[in-house]
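Student: would you be able to build a 3D model of this:
(chains A and B)
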Amino acid sequence: MAERAFSATRLPGFAMIAVAVFLVLYLPIFTLVIFSFNDANSVAIWGGFSLRWYQIAWANDAVKEAAVRSLIIATSAALIATTVATMAALGTTRRAAFKGQTLIYVIINQPLMVPEIVTAVALLIFFGFIKVTTGYQGLGYLIAAHSAFCVPFAYLPIRARLEGMDLSLETAAADLYATPWQTFRKVTLPLLLPGIIAGAMLAFVISLDDVVITEFVKSGGQDTLPTYMLGQIRRAVTPDVNAISTALLVLTVLLLTVFFLLTRTRD
Amino acid sequence: MPNADPYDPGRAVGGWLVSKDVAVEVRNAVKTFGQGNSALRALDDVSVNIRKGEFFTLLGPSGCGKTTLLRLIAGFETPTSGEILLDGKDITQDPPNRRPVNTVFQSYALFPHLTVAQNIGFGLEMQGRPKAEIADVTANMLALVQLGAMAQRKTSQLSGGQQQRVALARALAPRPKVLLLDEPLSALDLKLRKEMQIELKRLQLETGITFIFVTHDQEEALTMSDRIGVMSAGRIQQIGTPRDIYTRPVNRFVASFIGESNFLSGAVETGGVRLSSGDLVDAAGTEGRSGKVTLAVRPEQVRLTRAGEPGALPATITGWVYFGTDTHCHLALSDGTEVVARLQSPATGDAGLEKGKSVALRFAPGAAQVLGD
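Tutor: Residues are numbered from 1 along each chain as shown, chains lettered A, B, ... in the order given. Next comes the predicted model:
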């Protein structure tokens, strides 16, 4: 009998370790979800099923405001970051290799590598100057900051999609009388769309749960959902935080499922 | 002058004369890739006239420049120097979307997000033709390539042969002046390839469109083409009808790339060529030649006769290989020069081909061809 190829699944203890890893990863989240339906006032003692904390959270205007703000910032940042990322991906894959290409990759992916706290402090100081000189205090700073760190998350799936795309399709379109713009509209963009949507969703999710940069950049009264929750926990841990977290979790899981379905390679 | 086309009436000596019958004219096209020492000269001063309505094949081994020449005509590349004319008009600098020339790609390059019908109508849509006309032409094209039932399918649901037909229909739909085909049959299996060869020839005759076909398959070239341009090392070695190319190869490359040949060295004398074995044979192409030359003779044009027959070349059988329809007999002339004769296999027995037997051979009249350098 031929020797079988090495496979980690046949190592002793593989199943046990796998189960342990999944427990560590998901048990806290399950606890959070279950206790968001807790009737008791405590975050740790079960007192029967109820939707009470969801109602309390929903009735809280501060929560609603923060949620709307989060959605505005995440949507704007996702749109801006995806547009920039699409252009960057087209520029780095749809042409011959050029000098400084590696440098450009590094610059585009820089937010993945630089510690977030460094960016946060830098933005605090940088936006400070602008606030003093222009007097503008609006959401623009948060949107700009979020757009910037979302670019690499949007860029990666778009670039992956472009690299898997046959270049001869665009050549064929040009051969069949399509102008460069028509080629982009009729061939490149429709084929790229799953990648663009996936990139936008990833950017949206990343923006939605950002705490560090938001905390540093936001002006007074500009809490997003995560920074609001952080503020709440500093005072007293109430179970409505569980409810908000669970709602965010559901939204994120939904978006990531769509992301997965879109980026899955079709047979 | 390997690039000269002696059969082409469109060219005058010492200048350029564009005939009304010429669809595509390539003038002194040079294409180099890269720069400096690593520069690759893919096309080296290529000139060729392709006539209206003809099935013209560019034949050569991979890397000979045939696909580069096709891409220059399509507009995917611009020549480093030289010109390309379509119907007498210089199109060298025109982008592909402004050239009335369509391509069938080796990979087919069908649009995966469009249906078969949308793929076929794409060119017309981009030209801004009315919807009714697009629907009309698309229906005609689907019928022409016998895919009427597949109109609403996605291209990924089709077999290789069907995708090939869609690619053809898509390229033919806008009625291009010239259709370029880049090894379109190479991805198909043998049986399907034979069918598509017949299909392509039929489409070309029915549409009357000039076809420029690129292939490395000599059989494909010989069976389908009106004329063939044989390419090697970025140059056109010979242009002619399949018969010209096969029976009158101009040089050793053409003689060995298309079919098999016996190469015999000798010297031109009055009355023929004196082979190194001392035998004098009649040969075509001795005019204006003197001194040492190479003769090419096709194996099927070598006849065996009894030893001692007057005028025949004495030879010894060194071996034979049975191929079914024919038998290849390996012979040695008196000085040891090897000659292969392709003999029709007899119904029974081995035709008396014993190793070591003394025989004689002669070449069929007109079969021996003097090659250029």
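
Student: how is chain A partitioned into domains?
Tutor: A:10-50, A:59-263 (automatic domain parsing).

Student: pick out the shakiest of those, pLDDT-wise.
Tutor: Ranked by mean pLDDT, the domains of chain A bottom out at domain A:10-50, which scores a mean of 85.

Student: re earlier: which of the domains of chain A is buried the deepest?
Tutor: domain A:59-263 (a mean of 17; mean count of other CB atoms under 10 Å in any protein chain shown). The C-beta positions use only the backbone N, C-alpha and C, and glycine is treated the same way.

Student: now the terminal residues of that domain, how far apart.
Tutor: One end of domain A:59-263 sits 38 Å from the other (CA to CA, to the nearest Å).

Student: a markdown table please, covering the domains of chain A and showing distance to B:V145.
Tutor: Below are the domains of chain A laid out as a markdown table (distance: least, CB to CB, whole Å):
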| stretch | distance to B:V145 |
| --- | --- |
| domain A:10-50 | 52 |
| domain A:59-263 | 16 |
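
Student: what segments of chain A are helices?
Tutor: A:14-35, A:52-59, A:61-93, A:101-113, A:116-134, A:140-163, A:168-175, A:180-183, A:189-208, A:212-217, A:225-235, A:240-263 (DSSP state H).

Student: in JSON lines, list the ones you listed along with distance to B:L86.
Tutor: Below are those laid out as JSON lines (distance: least, CB to CB, whole Å):
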{"stretch": "helix A:14-35", "distance to B:L86": "65"}
{"stretch": "helix A:52-59", "distance to B:L86": "70"}
{"stretch": "helix A:61-93", "distance to B:L86": "31"}
{"stretch": "helix A:101-113", "distance to B:L86": "37"}
{"stretch": "helix A:116-134", "distance to B:L86": "57"}
{"stretch": "helix A:140-163", "distance to B:L86": "33"}
{"stretch": "helix A:168-175", "distance to B:L86": "14"}
{"stretch": "helix A:180-183", "distance to B:L86": "21"}
{"stretch": "helix A:189-208", "distance to B:L86": "31"}
{"stretch": "helix A:212-217", "distance to B:L86": "58"}
{"stretch": "helix A:225-235", "distance to B:L86": "63"}
{"stretch": "helix A:240-263", "distance to B:L86": "43"}
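
Student: what residue is smack in the middle of the chain?
Tutor: Since no chain was named, I'll use chain A. Nearest to the geometric centre of chain A sits A:I206, at 2.2 Å (CA atoms, centre = their mean).

Student: actually chain B
Tutor: B:L59 (3.5 Å).

Student: ok, it touching B:S232?
Tutor: No: contact between B:L59 and B:S232 fails when scored by CB atoms under 8 Å: they sit 9.7 Å apart.

Student: coming back round to it: what residues are up against the residue nearest to the centre of chain B?
Tutor: B:66, B:215-216, B:218, B:221, B:228-231, B:257-258 (CB atoms under 8 Å, 6 or more residues apart in numbering or on different chains).

Student: what is the nearest of those residues to B:G240?
Tutor: B:I228 (6.7 Å; CB to CB).

Student: quick one: that closest one is in a helix?
Tutor: No: under DSSP: H, G, I helix; E, B strand; the rest coil, B:I228 falls outside any helix and is assigned strand.

Student: and the gap between it and B:S81?
Tutor: 26 Å (CB to CB, to the nearest Å).

Student: which of these two has more neighbours?
Tutor: B:I228 (28 against 14; other CB atoms under 10 Å in any protein chain shown).

Student: specify the beta-bridge partners of the more buried one.
Tutor: B:T57, B:G240 (DSSP bridges).

Student: make sure it is actually in contact with B:E54.
Tutor: No: contact criterion CB under 8 Å: B:I228 and B:E54 do not qualify, at 10.8 Å.

Student: re earlier: which neighbours do B:L59 and B:S232 share?
Tutor: With CB under 8 Å, 6+ apart, B:L59 and B:S232 have common neighbours B:F257.

Student: wouldn't B:A283 be in contact with B:A296 here?
Tutor: No: using CB under 8 Å, B:A283 is not in contact with B:A296, being 9.5 Å away.

Student: now the stretch 1-150 of chain B, which segments are flagged as low pLDDT?
Tutor: B:1-20 (pLDDT under 70).

Student: for it, which residues are neighbours of chain A?
Tutor: B:74-76, B:95-98, B:101-103, B:105, B:107, B:109-113, B:122-123, B:126-127 (CB under 8 Å from any CB of the partner chain).

Student: for the stretch 251-373 of chain B, what spans make up the helices?
Tutor: B:252-257 (DSSP state H, counting those that start in this stretch).
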